[in-house]
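Engineer: My questions are about this predicted structure, shown below with the sequence.
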Amino acid sequence: MKNPNHQIISLVLAVCLPSVYGIVQKIPTPTEVLECFFYKSLNTSVAEVPGKLIEDFCLRKYSLSQFERNTQKNISVEGVQYLKSLFRQIDAEAQEARNKRQVTATWRVRSEIRTLSAAQRNRIFGCLNRLKRDFTIDPNTNTYDLIGSLHSGQAAQLMHNGPGFLGRHSLYVLAMETACRTPIPYWDFMMDGAMTDPTSSAIWSNTFFGNGNGPVRTGFCGNWVTPQNTPIIRNVGAGGLQLPRRDVLRAILSRTRTSEITEPQPAMSVFSIEVHHNAVHNHIDGHFSALDTSTFDPVFWFLHSMFHYMWYMFKNNQRARGVDPQRDYPRGPNVPQGHEFFQRVNFMPFVRPMTNLETFADRYDRIVSYTPLPRCPTCDGSPFLVCLQGTCVARSVRRTGRIPAIARRPVGLPITPFIRGKRSVDGNNNAGLLKNHEETLAALDRSYTNTFVIDGHFAPENWVYLNVRVIYERPKGDVFNSTGSADGHDMYDPSSFSDGGKEIGVENRVLYKQRCAPSGSGATKIYVQSDGLNYHGKYKEYAILDERQAVSSAILQIAVRKPSDKYTETYLSAYNSCGRVCRPVCSIGEGSSSFYKACSGSFKVTNEFPLMYSNSYEGAISSLWHLSLDGKGPLFRNTFSPITFICDHQNAWPWSQN
């Protein structure tokens, strides 16, 4: 029988003494991650930039630098030859366009997907489905996943976090387009970002991409099976991360040199095209948020067709300003390794030797053309778009699933303003995570589904669960429907306390520059996320708290990779539904002298006893509660994991306090 006193002491020692073998130990955050945190928060404040943007950007970058191996299936000789043939066709087409003096018509005419007819949409949807069913080239991998496998391992590493992002993704979209022999339309996500609730956009209906929450069962890719033999998972807008809006395009097009819109950029620059690229991937979440699995979801191609269009417009602006885009590849010591102009594009051996500089050649622009972005007042006549305040905005599909037509509205009734307020362009300010009231309510209604992917493999049995506590302080200035008092006095607001909340340690020192509208009831979601530091995988969970109260708390069960012969290292983070990050704190000392102190958020988990984790969610819950009325309960076992997050709105980044 276990001695409970011994167990409690062991819990404390495991955190306090790094030299002692323990189950959960605080460790320093890797230098590369910490340096990125400081670089991306340079000259910015908590009041301006949601910290989750910074954390996700830096953890994504670190993950790429650590995991270079291709986690997809091996490609057969026949598969290699097929991929080579795609790039040969692109080269031949580009060379032909180069040899012609005048610009000629191209079959690669890309339009916004919601402006296409049903027949035009079905051509590209039908092709992707055909490739998904085709095993004639490689009996072990369908042709769609064969092409998708190029976006993994070292190839994925060198396609991101540098100027190579632009040319390499451009070639990649051309490859899929060549396989289909039909243009890949672009998805202007900024028209969705302008909605009060982007999750209700028709783009996430059966007509287009299918459902945006949970396993994808509708739309043209409904019931697709990933290479991991699972359905595609999405969590559109359910993870607390939002879509960019039109002002990001204006910001990018306001720049002249490629070095101004590519990484590395100090702070979360609104001019960085990759910052906005990452925001869309993280907004859709699920398989789409991890680079090795993002191509599992065919939304990938429509999104990157849009990002190529943004670059296409940028290059046209450069030519108008007297800059030759072909010669404007960034140079110098700040260019990340592998992204230098002379480095070869790492699609080898599928593409001939080609440098990053060569991917900027005009001949690749000549084989593609774009129809302009939909414009008011007609928005290209699309029934899925509406002109509001001079801007084309995606239309909402309500619970009925029907897309309302403006012509059928009763005369005299105003059009519902589905557009969000405009923001000013600031080079160091990206407030894309801020929510209005309708978004807040929609987020509360959406569940979250984890992919359980570790190192490219679906492995739900290889996760273990930690109990993590979250303490949430009411944000300053928020107003709720319920005040707890008949006279209208808000008894819950700590600013109304006799001591202003000082006795309980309330410290609201941030005056946020942009408001995050609360729900009227006070219900809000707090997310906790684990990101592998020595494994490739993440897990996310949320708790619903009452931010109407001065202070509220909850305990969540967060999964990390199961330690076996190798220990697990993970970074834990917590944030609210507007991306404002919380501070990790860890228990120090023991017994009556124990207290909590700021820590890094990075932890080492081993398989030494006594275990401080559970092998299942059930086990984690059982370790906390005993509810039977049998003389022992109801009982809450106050043996928290030593990991706690305090969401107290301090005017300092969490990584600057440890």
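Structural biologist: Arrived safely.

Engineer: show me where the stretch 1-150 of the chain has strands.
Structural biologist: Using DSSP state E, counting those that start in this stretch, the strands assigned to the stretch 1-150 of the chain run over residues 24-27, 109-110.

Engineer: okay, these, which one's buried deepest?
Structural biologist: Greatest average neighbour count among these goes to strand 24-27 (a mean of 22), per mean count of other CB atoms under 10 Å. For glycine as for every other residue, the C-beta is placed from the backbone atoms N, C-alpha and C.

Engineer: Remind me what it packs against, helices and strands.
Structural biologist: Judged by 3 or more CB pairs under 8 Å, 6 or more residues apart in numbering; DSSP states H and E, strand 24-27 is in contact with helix 4-16, strand 602-605.

Engineer: Can you list phi and psi of His283 for me?
Structural biologist: With angles defined as degrees, to the nearest 10, His283 sits at phi -70, psi -40.

Engineer: does it really touch Arg245, like I thought?
Structural biologist: No: applying CB atoms under 8 Å as the test, His283 and Arg245 come out as separate, 12.0 Å apart.

Engineer: of the two, who's got more company?
Structural biologist: Neighbours were counted for His283 and for Arg245 using other CB atoms under 10 Å; His283 has more, 28 against 25.

Engineer: wait, which of the strands of the stretch 1-150 of the chain is closest to Ile643?
Structural biologist: With CB to CB as the measure, strand 24-27 is the member of the strands of the stretch 1-150 of the chain nearest Ile643 (7.0 Å).

Engineer: Paired strands for that closest one, with orientation please.
Structural biologist: strand 602-605 (antiparallel) (DSSP bridges).

Engineer: How about exporting the strand it pairs with as CSV, limited to the C-alpha atoms?
Structural biologist: C-alpha atoms of strand 602-605 as CSV (Å, rounded to 0.1, in the frame of the first residue of the first chain):
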residue,chain,number,x,y,z
SER,A,602,9.2,23.4,-20.6
PHE,A,603,9.1,20.1,-18.8
LYS,A,604,10.8,16.7,-18.8
VAL,A,605,8.6,13.6,-18.2
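
Engineer: helix or strand right after it?
Structural biologist: helix 617-622 (DSSP states H and E).

Engineer: Can you name every helix or strand that that next one contacts?
Structural biologist: Short answer (3+ CB pairs under 8 Å, 6+ apart): helix 617-622 packs on strand 463-473, strand 551-561.

Engineer: Show me the strands in the stretch 351-500 of the chain, by range?
Structural biologist: Using DSSP E, counting those that start in this stretch, strands in the stretch 351-500 of the chain cover 369-370, 385-388, 391-394, 453-454, 457-458, 463-473.

Engineer: helices and strands around the second one, which ones?
Structural biologist: In this structure, strand 385-388 makes packing contacts with strand 391-394, judged by 3+ CB pairs under 8 Å, 6+ apart.

Engineer: Check the average confidence over stretch 151-165, would you?
Structural biologist: For stretch 151-165, mean pLDDT is 86.

Engineer: where's stretch 247-255 relative to the chain centroid, distance-wise?
Structural biologist: Relative to its chain's centre, stretch 247-255 lies at 21 Å (CA atoms, centre = their mean, to the nearest Å).

Engineer: meant to ask about stretch 234-242, not that
Structural biologist: With CA atoms, centre = their mean, you get 8 Å for stretch 234-242.

Engineer: same deal with stretch 80-88?
Structural biologist: From the chain centre to the centre of stretch 80-88 is a distance of 31 Å (CA atoms, centre = their mean).

Engineer: Could you do stretch 549-557 as well?
Structural biologist: With CA atoms, centre = their mean, you get 25 Å for stretch 549-557.

Engineer: what about it, average pLDDT?
Structural biologist: pLDDT averaged over stretch 549-557 gives 92.

Engineer: Tell me the helices and strands packed up against whichever strand or helix holds Ala574.
Structural biologist: Assessed by DSSP H and E, Ala574 sits inside strand 568-576. Counting contacts by 3+ CB pairs under 8 Å, 6+ apart, strand 568-576 is packed against helix 51-66, strand 463-473, strand 523-532, strand 551-561, strand 583-588, strand 602-605, strand 643-647.

Engineer: TSV please, covering those and showing distance to Ala251 and mean neighbour count.
Structural biologist: Below are the helices and strands packed on strand 568-576 laid out as TSV (distance: least, CB to CB, whole Å; neighbours: other CB atoms under 10 Å):
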stretch	distance to Ala251	mean neighbour count
helix 51-66	15	22
strand 463-473	33	23
strand 523-532	27	23
strand 551-561	35	21
strand 583-588	31	21
strand 602-605	33	22
strand 643-647	30	24
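
Engineer: JSON lines for the ones you listed, including distance to Arg130?
Structural biologist: Converted to JSON lines, those look like this (distance: least, CB to CB, whole Å):
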{"stretch": "helix 51-66", "distance to Arg130": "31"}
{"stretch": "strand 463-473", "distance to Arg130": "36"}
{"stretch": "strand 523-532", "distance to Arg130": "36"}
{"stretch": "strand 551-561", "distance to Arg130": "37"}
{"stretch": "strand 583-588", "distance to Arg130": "48"}
{"stretch": "strand 602-605", "distance to Arg130": "45"}
{"stretch": "strand 643-647", "distance to Arg130": "47"}
